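>>> My questions are about this predicted structure, shown below with the sequence.
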Amino acid sequence: MDKNKIIVFDTTLRDGEQSPGCSMNTDEKIKVALQLEKLGVDVIEAGFAAASPGDFDAVSQIAKIIKNSTICSLSRAIDNDIKQAGLAVSHASKHRIHTFIATSPIHMQYKLKMTPDEVIKRAVKAVQYAKTFVDDVEFSCEDAGRSEIPFLKEVIDAVIEAGAKTINLPDTVGYRLPTELASMIKELSAYTGDRAIISVHNHNDLGLATANTLASVLNGARQIEVTINGLGERAGNSALEEAVMAIKVRKDIFGDLYTNINTPELYATSRLVATITGVEPQQNKAIVGKNAFTHESGIHQDGVLKHQETYEIMRPEDVGVIKDSTLILGKHSGRAAFKDKIAQLGFDNVSEEELNNAFERFKVLADKKKDITDDDVRMLITDEALNHDKIFDLVGLQISDCSNGLPMAAVTIKHNNEILKDAALGDGTMDAIFKTIDRLTGYSGQLKDYKVVSVSEGKDSLAKVTTRVSFEENSQTFVGHGLSIDTMLATAKAYLGALNSYLSQKDRLTKNCGHQI
Ligand SMILES: CC(=O)SCCNC(=O)CCNC(=O)[C@H](O)C(C)(C)COP(=O)(O)OP(=O)(O)OC[C@H]1O[C@@H](n2cnc3c(N)ncnc32)[C@H](O)[C@@H]1OP(=O)(O)O
Ligand SMILES: CC(C)C(=O)C(=O)O
Ligand SMILES: [Mg+2]
């Protein structure tokens, strides 16, 4: 084992997906997993296989596709959870089961209603059962941050004896301060020695997740559990991009410690996750926020122009932010320049069909919009990749809405080579669009969330609409994406996109596991 290597365990697809409104379908999860592999993540926690047929399917598909990262599934210390996890990851070339049970007095007494002895027995049994499926078993002491150290030592001894190779000590509720966690990890990693790898998984309830992760690394943790954009339950998890860049930038502190992360892929990964989930990182978010490398005030601009390092501790290109793009695209650009720009932006898995469609849309856009920015191109390509399952395809939209009139929408949709047309009145233009689409498709969606952002600046900016819709009572929500210079057109596309996502997931689950959603 390399003592200086920090194993990066990404849990965007599991803990990240636990963020309210961040659920992804299998296709979307596969896209994120492929990007995480390209980023150089060591372990991808692809989901919680026993949670639902959709989760099981996503973990299994990812296990079949990813070659270079270990694929892991979470499971409670319950036989059926472990079995589902074992079956789902079995296809992977490198696979792991991550099983857990809470070890803090408050969780054991009130949630599990178990004595500490029962918890140890259950933990041992879980690890032993997981070992019948895979060799690589990780055990987590949930709420380790509020657990008693002597008890943690007992659990550690017992699960290592049962075969666990990684011991995760999560600060599940983000309670600890860096000094406290540093001393806990120091004591427990010294206690564990070479018997297992100590991992940390810190939540951000007090805004200290990354500080806690770094303090732990300096005190013996050799695996960090992190998420892209810091997504995760409640206030989120420690952000992968923050922890990795801190280790890289502060060589004076971290010495020979290193990760295998290909940092120029960080920005593209962050954009992909933000686009798929519809959850944008705040503008001032470290590393990947819109303002992370923007200098507004004169003194700062003067300093950066004279010597970049006066106000920048890392180069934007180190994290994949391309600032001064030399290749400007406009209405006279051809396919070659467009293709080149896509490669420059880091997209190397684009199919010929996606490229051609995006190029056609780029030409239409270039007729309407003077400057095509890198963000416009990035969005066109991502939008093509996310909307390829066009079971219902929007062909035309007409709307009318006056302050004293009746909001009306007329929609034309292509479905199975048939053209469907209808019109409806609504309480507003959007309502009229949704009602017409519902009537045409025969599916009645409930809109749970709607967001519109402008992709770049200016009145002619592209509008990017994200909808979150559920199509069955109290069921999972599906995300749809729409991109257009016209916000209402983008809205209609996003609503149909959510329906297409629902239908293709339903179809996939029926084919793959005989389950209905
Ligand atoms: C800190 C974390 O992030 S933990 C991971 C959180 N992720 C998830 O919960 C994934 C989504 N969850 C789900 O889909 C569901 O909760 C399921 C399928 C996992 C379980 O559903 P249900 O069987 O209906 O149980 P429910 O969610 O109501 O309650 C959880 C049960 O698991 C028990 N439990 C919780 N953690 C563990 C554990 N690690 N090992 C064993 N049992 C556990 C609880 O005590 C409770 O048991 P009880 O019903 O006897 O009181
Ligand atoms: C299941 C564990 C690792 C977890 O997510 C937590 O404790 O926060
Ligand atoms: Mg967690």
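Here it is on my side, so go on. Fair warning: this is a prediction, and the values are worked out from it, not measured in the lab. Ligands and ions are numbered 1, 2, ... in the order given.
>>> Which is the succeeding secondary structure element to the helix or strand hosting Glu354?
With elements taken from DSSP states H and E, the one containing Glu354 is helix 352-368. Toward the C-terminal end, the helix or strand that comes next after helix 352-368 (DSSP H and E) is helix 374-386.
>>> Quick one: list the elements packing against that following helix.
helix 26-39, helix 266-277, helix 335-344, helix 352-368, strand 478-484 (3 or more Cβ pairs under 8 Å, 6 or more residues apart in numbering; DSSP states H and E). Where C-beta positions appear, they are placed from N, C-alpha and C, glycine not excepted.
>>> one more time with 10 Å, if that's ok
helix 26-39, helix 266-277, helix 335-344, helix 352-368, strand 463-470, strand 478-484, helix 487-513 (3 or more Cβ pairs under 10 Å, 6 or more residues apart in numbering; DSSP states H and E).
>>> Could you pull out the buried residues of the next helix or strand along the chain from that helix?
Per DSSP H and E, the first helix or strand lying C-terminal to helix 374-386 is strand 393-400. Residues of strand 393-400 classed as buried by neighbour count (16 or more other Cβ atoms under 10 Å): 394, 397, 399.
>>> Strand 393-400 vs helix 487-513, what angle?
Comparing the axes of strand 393-400 and helix 487-513 via axes from the mean of the first three to the mean of the last three Cα atoms, to 10 degrees yields an angle of 150 degrees.
>>> Ile247 contacts Glu241, doesn't it?
No - applying Cβ atoms under 10 Å as the test, Ile247 and Glu241 come out as separate, 11.2 Å apart.
>>> what about the residue in the stretch 101-250 of the chain that ligand 1 sits nearest to, neighbour count?
Scanning the stretch 101-250 of the chain for the residue nearest ligand 1 gives Ile101, at 4.0 Å (criterion: Cβ to the nearest ligand atom). By the criterion of other Cβ atoms under 10 Å, Ile101 has 24 neighbours.
>>> residues touching the residue lying closest to it once chain neighbours are set aside, list them.
Spatial nearest neighbour of Ile101, chain neighbours left out: Ala77 (4.2 Å); criterion: Cβ to Cβ, 6 or more residues apart in numbering. Taking Cβ atoms under 10 Å, 6 or more residues apart in numbering, we find Ala77 in contact with 99-102, 112, 119, 121-127, 129-130, 139-140, 142.
>>> Ok, His388 next?
His388 touches 27, 351, 353-354, 357, 500, 504, counting by Cβ under 10 Å, 6+ apart.
>>> mind running it again at 7 Å?
Contact partners of His388, counting by Cβ atoms under 7 Å, 6 or more residues apart in numbering, are absent.
>>> what do you get for Tyr175?
For Tyr175, the residues meeting the contact criterion (Cβ under 7 Å, 6+ apart) are 145-146, 205.
>>> same thing but 10 Å
So Tyr175 contacts 104, 143, 145-146, 181, 202-203, 205-206, 208, 212 (Cβ under 10 Å, 6+ apart).
>>> Let me have those residues in TSV, adding pLDDT and neighbour count as columns.
Formatted as TSV, the contacts of Tyr175 follow (pLDDT from 0 to 100; neighbours: other Cβ atoms under 10 Å):
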residue	pLDDT	neighbour count
Ser104	98	21
Asp143	98	23
Gly145	98	23
Arg146	98	17
Leu181	98	26
Asn202	98	32
His203	98	25
Asp205	98	16
Leu206	98	15
Leu208	98	21
Asn212	98	30
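>>> Correct me if wrong: Ser484 contacts Ser454.
No - counting by Cβ under 10 Å, Ser484 does not reach Ser454; the two are 11.7 Å apart.
>>> re the thing from before, compare Ile247 and Glu241 (neighbour count), which wins?
Per other Cβ under 10 Å, whichever of Ile247 and Glu241 has more neighbours is Glu241, with 28 against 23.
>>> host element of the more buried one?
Going by DSSP H and E, Glu241 is in helix 240-249.
>>> tell me what that helix is packed against?
Counting by 3+ Cβ pairs under 10 Å, 6+ apart, helix 240-249 packs on strand 7-10, helix 26-39, helix 209-217, strand 223-226, helix 251-254, helix 266-277.
>>> let's see it at 8 Å
By 3+ Cβ pairs under 8 Å, 6+ apart, helix 240-249 packs against strand 7-10, helix 209-217, strand 223-226, helix 266-277.
>>> For Phe183, which three-state class applies?
Not Phe; residue 183 is Ser. With DSSP: H, G, I helix; E, B strand; the rest coil as the basis, Ser183 sits in helix.
>>> Mind giving me the packing neighbours of the helix or strand of the chain with the lowest mean pLDDT?
Lowest by mean pLDDT, DSSP states H and E among the helices and strands of the chain is helix 298-306, with a mean of 78. Applying 3+ Cβ pairs under 8 Å, 6+ apart, one finds that helix 298-306 contacts no other helix or strand.
>>> any idea how far that helix is from the chain center?
35 Å (Cα atoms, centre = their mean, to the nearest Å).
>>> Using CSV, write out every CA atom in that helix.
What follows is helix 298-306, C-alpha atoms only, in CSV (Å, rounded to 0.1, in the frame of the first residue of the first chain):
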residue,chain,number,x,y,z
GLY,A,298,-9.7,47.5,-10.0
ILE,A,299,-6.9,46.8,-7.5
HIS,A,300,-7.3,43.0,-8.0
GLN,A,301,-7.5,43.3,-11.8
ASP,A,302,-4.4,45.5,-11.8
GLY,A,303,-2.6,42.9,-9.6
VAL,A,304,-3.6,39.9,-11.8
LEU,A,305,-2.5,41.7,-15.0
LYS,A,306,0.9,42.4,-13.5
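>>> And that helix, what's buried?
Quick answer for helix 298-306 (16+ other Cβ under 10 Å): Gly303.
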